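Q: Build me a model from this:
(one chain, ligands or ions: 1)
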Amino acid sequence: MVDEVQASFDARATAYDANRRSLIPHFDEFYRIGVEALAYCDQSPRVLDLGGGTGLSTSFLLGRYPDARVTLLDFSNEMLAVARERFKDNPNIDFRVRDYRSFPFDERFDLVISGLSIHHLTADEKRELAVRVFGLLEPNGEFFNADLVSCEDERLEQEMHRQLQGFLRQGLSEDEVQRFVSSQRLDRPAPLESQLSHLRSAGFKVVECLYRHLIYGVFYAQK
Ligand SMILES: C[S@@+](CC[C@H](N)C(=O)[O-])C[C@H]1O[C@@H](n2cnc3c(N)ncnc32)[C@H](O)[C@@H]1O
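A: Numbering: from 1, shown residues only. The predicted structure is shown next:
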């Protein structure tokens, strides 16, 4: 499963950024709401982007913190190659081709962010990752995860996908819609309550869902 996720992103890295706005309703709000909700007020936070990919989440973060020192961690070399090009003029961005479930960190971060990545993990891995993120943050450090969220009720889950496909068809060809739908077989989105509960159990003192629409959700936590 994991190798399949990595291979899938390696294969579509160069095309990845092109149609994101057609896949995510309220694209800007989805990527901005977590950034704007951060309490951190110094100019140059140390940031870890989990599954940073082509650097989309980091680009929104840099909109608010242009001097942030960011580590982009991703197990797809090809996705990070696009990010390297995107940030080639920014010396504060560091790239690591690794799996974030096992990467041994000896640093601490002010902020940990993630966009559309953690839903690839199993339920146990998601729970373990919340504990890891808590351990990686400085006191009062903040985490947000702009990701997928599922419904506990199967009928509603199908309905959210049906409504999403209506949105997809406004901006994509039928082939592109079918390609996106088939890429979803690698997704393991978790219900809202379990995502909140993993964060609470890890020890975070503030835990909120900031946004939810169709299959997309943004979660915030402060240590
Ligand atoms: C859908 S992309 C999102 C990229 C970017 N964060 C964004 O918002 O556009 C998901 C990324 O997570 C990476 N990824 C998934 N599981 C990972 C893991 N266990 N360790 C490192 N990277 C992972 C994939 O390689 C891919 O680049």
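Q: and A190, what does it touch?
A: Applying Cβ atoms under 8 Å, 6 or more residues apart in numbering, we find A190 in contact with H119, A123, K126, V149, S150. Heads up, the C-betas are built off the backbone N, CA and C, glycines and all.
Q: go with 10 Å
A: 118-119, 121-123, 126-127, 147-150, 152, 196-198, 217 (Cβ atoms under 10 Å, 6 or more residues apart in numbering).
Q: ok, the lowest-mean-pLDDT helix or strand in the chain near the ligand or not?
A: None of the helices or strands of the chain scores lower by mean pLDDT, DSSP states H and E than helix 2-12, at a mean of 86. Yes. Applying Cβ under 6 Å from any ligand atom, one finds helix 2-12 touching the ligand at V5, Q6, F9.
Q: And the next helix or strand past that helix?
A: Counting by DSSP states H and E, the next helix or strand C-terminal to helix 2-12 is helix 20-23.
Q: Buried residues, that following helix. List them.
A: In terms of neighbour count (16 or more other Cβ atoms under 10 Å), helix 20-23 has its buried residues at S22, L23.
Q: got it, and stretch 77-93?
A: Buried, per 16+ other Cβ under 10 Å, within stretch 77-93: E78, M79, L80, A81, V82, A83, R86, F87, N92, I93.
Q: tell me which of the residues of helix 2-12 next to the ligand is nearest to K223?
A: Nearest to K223 among these is V5, at 28.0 Å by Cβ to Cβ.
Q: Spatially nearest residue to that closest one (excluding sequence neighbours)?
A: H120 (4.9 Å; Cβ to Cβ, 6 or more residues apart in numbering).
Q: Could you check how far the residue minimising distance to the centre of the chain is from Q43?
A: By Cα atoms, centre = their mean, the chain has its centre lying nearest to G115, at 1.5 Å. From G115 across to Q43, the span is 22 Å (Cβ to Cβ, to the nearest Å).
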